[in-house]
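Chemist: give me a model of this one.
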Amino acid sequence: MGGPLGAVFGAAVGHQFDHGREEHNPFREEVDSAGQYKAQMAFFTAAFSVMGHIAKADGRVNEAEIEFTRRVMARLQLSGEMRKTAMRLFTEGKHTDFPLDKVLQQFRSECQNRFHLLRFFVELQLGLALADSVLHSAEERLMLHICEQLHFSRFEFHALKTVLEAQYRVGGWHRQQDYGRVQTRQREPTLEESYAVLGLDASASDQEIRHAYRRLLSRHHPDKLVAEGGNEDKVRIANEKTHEIRKAWEAVRKARNL
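Modeler: Below is the predicted model:
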């Protein structure tokens with residue numbers, strides 16, 4: 001992999017990366033082609049280096065952001081060597097000369113039409129920005145810039161932001177054992193939180209609520225990920241998200257007698 005991503009990866013690993021060792025490939029179980037492998041390694045390189053860049057956006061990297069990064073590594077089931085590489089990429093992203101725009105442009109090019117991969121990337125970056133429970137103005141400006149470079153719509157970004165912030169209020173998902181997993185909650189979500197999961201508020205019409213529910217359910221349906229070649233871990237996350245969406249729909253439906 002050449003270009004800015006190749007340069008960032010090379011700077012991170014130096015001479016400690018053995019290209020002949022298969023265990024360095026964190027995606028080996030789901031790679032079907034050279035193009036897919038290249039896209040996934042572009043994702044790996046861009047995700048962790050940009051996370052480092054975002055963590056530094058408010059002036060300092062805090063423990064919550066480092067812990068979040070560790071949990072992402074666990075969710076991706078990275079080997080020991082790949083975890084070290086991920087942290088080196090994170091460090092590269094903190095440098096003042098990190099070529100953010102060039103990295104994002106190459107990542108978008110490598111992803112081609114894999115929208116679910118772009119969305120997962122944005123979700124990780126936003127999760128990192130929210131790791132300390134506050135989305136600082138500098139971080140939000142940076143996130144919007146990232147979305148612009150990836151051609152990821154502001155509507156999608158704000159919908160995702162609403163959902164993640166609702167998850168924080170409900171159960172503090174950033175403190176869970178594994179990133180992205182939905183814990184069994186000690187209380188039921190409020191109606192306001194259920195609206196937020198659907199990306200709406202109480203002023204939405206019945207038609208808007210039905211449309212949002214169907215759209216979100218279609219986007220996160222695990223069968224769609226299976227068809228696209230998603231691995232077992234991603235499918236499990238999709239199952240958990242569809243459970244959240246259905247639960248929110250049921251709460252709103254009952255409140256409105258739909």
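
Chemist: got the contact list for the nearest residue to residue 51 once chain neighbours are set aside?
Modeler: Distance criterion CB to CB, 6 or more residues apart in numbering; nearest residue to residue 51, sequence neighbours excluded, is residue 128 at 4.8 Å. Where you see a C-beta, it was placed from the backbone N, CA and C, and this is true even at glycine. Contacts for residue 128 (CB atoms under 8 Å, 6 or more residues apart in numbering) come out as 51, 54, 55, 65, 68, 69, 72.

Chemist: which element is residue 128 on?
Modeler: According to DSSP states H and E, residue 128 maps onto helix 115-129.

Chemist: likewise for residue 67?
Modeler: helix 63-75.

Chemist: taking helix 115-129 as reference, get the angle to that helix.
Modeler: 150 degrees (axes from the mean of the first three to the mean of the last three CA atoms, to 10 degrees).

Chemist: so what does the helix or strand just after helix 63-75 touch, helix or strand wise?
Modeler: Moving toward the C-terminus from helix 63-75, the next helix or strand (DSSP H and E) is helix 80-94. Here helix 80-94 touches helix 3-13, helix 34-55, helix 63-75, going by 3 or more CB pairs under 8 Å, 6 or more residues apart in numbering; DSSP states H and E.

Chemist: centre of the chain to helix 80-94, how far?
Modeler: 17 Å (CA atoms, centre = their mean, to the nearest Å).

Chemist: that one vs helix 34-55, what angle?
Modeler: 50 degrees.

Chemist: report the buried residues of helix 80-94.
Modeler: Within helix 80-94, the residues scored as buried using 16 or more other CB atoms under 10 Å are 81-94.

Chemist: and stretch 195-214, by the same measure?
Modeler: So stretch 195-214, judged by 16+ other CB under 10 Å, has buried residues 195, 196, 197, 198, 199, 200, 204, 209, 210, 212, 213.

Chemist: pLDDT weak spots in the stretch 1-150 of the chain?
Modeler: Along the stretch 1-150 of the chain, segments meeting pLDDT under 70 span 1, 12-35.
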